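Trainee: what's the 3D shape of this:
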Amino acid sequence: MAGSKGKQKTARDMILSLALIGIAAAVVYFLAIPHDNHAPDLKRVDYRVELLTARRAASYPVAAPEGLSDSWKATSVSYDGANGDYWHLGFQTPDAQYVQIEQSTQKRDAFIDQASQGAKATRRAEHIDGRTWTRYSGGRYEALVLEDTPGSTTVVAGTGSFDDLTKMVSALKLARTPVPAPSAS
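Mentor: Numbers count the residues shown, from 1 in each chain. Below is the predicted model of the structure:
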């Protein structure tokens, strides 16, 4: 009889130890690990200087929105003249999705694949403000690609809906800022 009480005590101690470990793991899970499923609060960036630089340097009219509501937050901007006159401007939409404007003189098909994250052309075209945009779908992003732009490619893409992409395209102004010629003295 003495032997069975020792085995019962050992099993009981093991179960109590497992219960304490489980409680400790639950406390760590709920208190120490963040569980916020909300999108991070991204800082708004001012892209005016980069836009002016790109519009002076790029070999094509550079796209940027005019008249979007303040609920569209510019979150990223870059221009790389050494890498195919690459222009990027990213926005967080009012419903926390992402929409970007990408332009470049790189090879069209490869650039569209990269900018749209693998989306493929559909047979649907959108006619927005006198321009034709082809819908791309099926990749990580949805995209609209501007047609008839020899020498450059313009892609508006992101996790936003086609409605979001259309709002961005409708607000786009494509422009160049010529660099003034040096004056002869």
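Trainee: When you work out contacts or count neighbours from here on, use the C-alpha atoms and nothing else.
Mentor: OK.
Trainee: Would you map the helices across the protein?
Mentor: Using DSSP state H, the helices of the chain run over 2-27, 48-57, 108-115, 162-171.
Trainee: I figured F162 was touching E142, is that so?
Mentor: Yes: taking contacts as CA atoms under 8 Å, F162 lies within contact range of E142: 7.0 Å.
Trainee: Same drill for the two, tell me which one is more crowded.
Mentor: Per other CA atoms under 10 Å, whichever of F162 and E142 has more neighbours is E142, with 23 against 18.
Trainee: who's in contact with the closest residue in space to S78 that isn't next to it in sequence?
Mentor: Excluding the flanking residues, the one nearest S78 by CA to CA, 6 or more residues apart in numbering is H88, at 5.2 Å. Neighbouring residues of H88 by CA atoms under 8 Å, 6 or more residues apart in numbering: S76, V77, S78, Y79, Q100, I101, E102, Q103.
Trainee: distance of H88 from L31?
Mentor: Shown here: H88 relative to L31, a distance of 39 Å by CA to CA, to the nearest Å.
Trainee: and what of Q117?
Mentor: For Q117 relative to L31 (CA to CA), the value is 37 Å.
Trainee: How about E142?
Mentor: To L31, E142 is 38 Å away according to CA to CA.
Trainee: Repeat that for L172.
Mentor: 46 Å.
Trainee: now swap in G139 and tell me
Mentor: Distance, G139 to L31, by CA to CA: 37 Å.
Trainee: neighbour count winner among these two?
Mentor: Higher neighbour count among G139 and L31: G139, with 15 against 10, using other CA under 10 Å.
Trainee: How many neighbouring residues does the residue nearest to the more buried one when sequence neighbours are not counted have?
Mentor: In this structure, G139 finds its nearest non-sequential neighbour in A119, 3.9 Å apart by CA to CA, 6+ apart. Neighbours of A119 under the rule other CA under 10 Å: 20.
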